[in-house]
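J.: need coordinates for the following:
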Amino acid sequence: MNLLLIILMLLLCLLISDVISHFIPFIPTALIQIGLGFGIAFIMKSQAIELETEWFLILFVAPLLYDDGRHFSRENLWKMREPIFGNAIILVLLTTILGGFFIHWLMPYIPLAAAFALAAVLSPTDPVAVNGIAKRVHIPQKVLTLVRGESLINDASGLVAFNYAIAAVVTGYFSLRDAALNFTYMFIVGAFLGLTLGLLIDWIGFILRKKGIRDATFHSLLQILTPFIIFIVTEELFHASGVIAVVVAGIAHAAITEHTSTMLAKEKVISENVWSVLLFVLNGVVFILLGLNIPLSMGDAVASEDINNWLAIAGVLVIWLGIFGIRFFYSYLFAVIRHFIVKSQGAEAPSIRTSLLISLTGVRGTVTMVAVLSVPTLLASGAEFPQRSLILFIATGVILVTLVAATLFLPLLCKTDKEKASAINQLDFNAAIIKIFLATINRIKQEINPANELAADELIGEYKRIVKRIQNEQNSAETEGYLNKLNGLKLIGLTAEADYLRGLLDSNQIDQSIYQKFEAALDRREEALSNDVRFSVRYFLGKTLRTWHQFRRQSKPDQEKLVEKMANVKDIQIRAFQAAIVSLEQEQQKAETKADADIIEAVMMGYQGMIRRLSMERSEFENVDEALKEELRIKAMDSERQEIQRMYESGEISIEQSRKLRRHINYIESATLDDSEE
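T.: Sure, this is the predicted structure:
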């Protein structure tokens with residue numbers, strides 16, 4: 001039961017972090033999740049969740065790296081093989097050796113072998129947090145490719161170096177020859193097993209399909225289980241690197257399925273949807289767990305009288321600068337050497353800014369935390385592990401500093417790239433979606449005839465609600481101006497309705513009670529134009545109450561009088577809407593631009609749709625011809641794809657945006673077709 005509560009608590013925190021990130025986009029989601037985990041540990045004053053290195057690697061690292069391998073460009077991996085493998089292996093070893101000597105020099109009371117272990121555990125990078133920053137900061141693609149590529153491998157090299165350093169501290173014995181041989185064995189055998197087992201599992205799937213087992217859900221589950229199977233077999237049976245194995249398996253799987261994606265379309269869609277949910281959960285939970293374990297890793301050092309807290313914090317900053325400096329100088333020196341060797345092939349010239357970007361994006365994360373928490377408390381002799389609490393404190397502090405430094409400085413360094421990107425006259429995703437849907441609405445209007453006008457109204461209403469939701473989420477001046485004009489025209493229509501109803505009241509054509517109900521409805525519609533949270537809550541509660549009252553009225557016996565009264569009210573409402581249209585037609589004649597006239601036309605179309613719905617019997621309204629609606633929807637989706645192609649050819653969107661927009665349309669189409677089948 002406790003385990004179930006812990007899992008539910010982690011998932012709830014994950015959802016909360018995503019909501020907070022939406023409202024505070026300048027703070028990376030990873031930092032928010034760490035803060036939530038730390039807050040829970042601090043408020044509840046409970047023991048942190050113990051992270052066993054083995055199960056953490058199986059449960060989190062294996063599927064995450066397998067998915068990274070599936071989606072990492074093989075072309076980029078080959079093109080950037082030297083910097084990627086250099087950062088993943090040579091830089092890790094340099095960080096372990098030079099960083100170890102630097103930490104021992106800075107803090108002589110930490111034994112040299114323990115300093116090597118600390119430097120080794122600080123060498124692996126975690127791209128998850130950087131991905132969160134990259135969503136709002138235009139980090140150069142080469143830098144992102146390098147960081148993501150090295151993270152596929154440096155977890156394995158960093159953990160191997162860390163384990164050997166820890167063994168040297170615990171046993172007092174270290175053999176460079178044994179370490180080098182074992183290091184080579186783990187990499188080569190891990191890569192071989194990843195390739196072999198990955199191909200074997202894909203072959204099993206192929207055989208099962210030939211035998212008639214083509215259930216897409218079954219094969220999707222097989223793909224989800226693949227990284228766990230490969231990791232466990234590689235680590236437990238062959239004692240090789242499970243990290244390298246799952247990465248190679250992911251790359252191999254992508255290469256095999258590349259030419260069969262059309263034949264296995266349904267399986268691919270289901271598999272990708274499941275993977276997206278799984279990755280969302282795993283990426284978030286690891287940082288929440290990191291936050292939960294901060295008190296465990298720092299608590300002993302803070303409480304210890306032998307450790308000065310201010311000196312420890314200063315030590316964290318100096319050690320981070322040392323690790324940062326090693327990464328920076330290595331990146332710059334590598335760029336200089338590479339430029340000198342392949343200068344004739346147009347290699348990029350060395351750049352201090354690029355080296356700074358590579359250094360800042362080398363954020364440390366959960367692998368570092370989990371590994372350092374596995375540091376034993378006792379040596380083989382029975383003595384306490386030297387300065388264990390201080391090592392945990394420093395490792396945790398460096399993780400937090402790398403995250404904060406990336407958050408603060410990456411936007412400044414990437415400012416120029418961001419300005420260049422914005423200088424290109426291309427629409428962002430939301431603006432492109434709005435433009436596509438507005439073009440689709442115009443296409444649906446062209447298809448309206450007496451037989452399908454109600455279905456067309458419903459479909460146009462769906463698109464308008466989506467457009468309005470996106471517009472409300474936008475903060476641009478252009479969108480704000482559009483919404484102000486639209487709301488102003490709606491207010492003109494509401495004023496015309498109110499004047500017409502007041503005229504009926506003054507001429508005694510309606511009684512006071514009916515007028516008050518109309519007036520209350522007008523007030524609600526006017527308040528809705530503010531789009532504030534208070535109205536949203538009131539609208540939801542009011543909608544619930546109206547539904548309940550409608551249900552109660554259906555059980556009352558006096559239905560004939562009620563129907564007659566409702567018919568009179570409906571007739572009055574239709575005439576009020578017509579008065580609003582007349583007022584808007586007068587405004588349309590005064591419109592100075594075509595854009596203003598189009599906005600007025602859109603408001604008038606809304607009134608005309610409401611009049612059509614009120615003019616029909618309720619049974620007709622509830623029984624819209626779904627076949628006509630689906631026919632219009634298919635034409636609408638064709639229009640969306642044509643608009644995407646037109647926008648791409650005109651340069652309004654990039655090829656990447658085109659792909660993203662097409663995927664979005666495909667998701668909508670898939671959901672619609674599934675609903676139709678049901």
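
J.: when you work out contacts or count neighbours from here on, use the C-alpha atoms and nothing else.
T.: Will do.

J.: show me where the stretch 51-200 of the chain has its helices.
T.: In the stretch 51-200 of the chain, the helices defined using DSSP state H, counting those that start in this stretch lie at 53-56, 62-71, 74-79, 81-85, 91-106, 112-121, 127-134, 141-171, 176-210.

J.: list the buried residues in the third one.
T.: Counting neighbours by 16 or more other C-alpha atoms under 10 Å, one finds that the buried residues in helix 74-79 are Arg74, Leu77.

J.: residues in contact with that helix?
T.: Residues from elsewhere that reach helix 74-79 (C-alpha atoms under 8 Å, 6 or more residues apart in numbering): Ile84, Thr145, Gly149, Ile251.

J.: how far away is Ala521 from Tyr515?
T.: Remark: distance between Ala521 and Tyr515 (C-alpha to C-alpha, to the nearest Å) = 10 Å.

J.: neighbour count winner among those two?
T.: The residue with the greater number of neighbours, taking Ala521 and Tyr515 and applying other C-alpha atoms under 10 Å, is Tyr515; the counts read 17 against 12.

J.: who's in contact with that one?
T.: Tyr515 sits next to Leu501, Arg502, Leu505 when contact means C-alpha under 8 Å, 6+ apart.

J.: give me the phi and psi for the residue positioned nearest the centre of the chain.
T.: Nearest to the centroid of the C-alpha atoms of the chain, with distances taken as C-alpha atoms, centre = their mean, sits Phe280, at 7.2 Å. Dihedral angles of Phe280 (phi, psi; degrees, to the nearest 10) stand at phi -60, psi -40.

J.: cool, and Glu384?
T.: The phi and psi values for Glu384, taken as degrees, to the nearest 10, are phi -70, psi 150.

J.: could you do Leu378 as well?
T.: Recorded main-chain torsions at Leu378 are phi -130, psi 150, according to degrees, to the nearest 10.

J.: contacting residues around it?
T.: Applying C-alpha under 8 Å, 6+ apart, one finds that Leu378 lies in contact with Val170, Glu384, Phe385.

J.: and it, how far is that from Ile307?
T.: Distance from Leu378 to Ile307, by C-alpha to C-alpha: 19 Å.

J.: returning to what we had before: most surrounded residue in the contacts of Tyr515?
T.: Counting neighbours by other C-alpha under 10 Å, Leu501 comes out on top of these with 23 neighbours.

J.: how far is the helix or strand where that residue lies from where the chain is centred?
T.: Assigned by DSSP states H and E, Leu501 belongs to helix 477-506. Averaging C-alpha coordinates over helix 477-506 and over its chain gives two centres that are 38 Å apart (C-alpha atoms, centre = their mean, to the nearest Å).

J.: was I right about Phe60 contacting Leu282?
T.: Yes - applying C-alpha atoms under 8 Å, one finds Phe60 in contact with Leu282, separated by 6.1 Å.

J.: circling back: which of the contacts of Tyr515 lies closest to Glu640?
T.: Distance to Glu640 across the contacts of Tyr515 (C-alpha to C-alpha) is lowest for Leu501, with 41.1 Å.

J.: return the set of buried residues in the helix or strand hosting Val401.
T.: With elements delineated by DSSP H and E, Val401 resides in helix 388-413, which encompasses its position. Buried residues in helix 388-413, defined by neighbour count with 16+ other C-alpha under 10 Å: 388-404, 406-407, 410-411, 413.

J.: with stretch 271-287 instead?
T.: Using 16+ other C-alpha under 10 Å as the test for burial, stretch 271-287 gives Ser271, Trp275, Val281, Leu282, Asn283, Gly284, Val285, Val286, Phe287.

J.: okay, strands next: where are they in the stretch 201-350 of the chain?
T.: Counting by DSSP state E, counting those that start in this stretch, no segments of the stretch 201-350 of the chain form strands.

J.: can you list the low-confidence ranges for it?
T.: Within the stretch 201-350 of the chain, the set of residues satisfying pLDDT under 70 comprises 258-266, 343-348.

J.: ok, now which ones touch Phe56?
T.: The neighbourhood of Phe56, defined by C-alpha under 8 Å, 6+ apart, consists of Val370.

J.: the closest residue to Tyr185 other than its chain neighbours - how many residues pack around it?
T.: Taking C-alpha to C-alpha, 6 or more residues apart in numbering as the measure, Tyr185 lies nearest to Ala240, with 6.9 Å between them; neighbours along the chain are not counted. Counted with other C-alpha under 10 Å, residues neighbouring Ala240 total 26.
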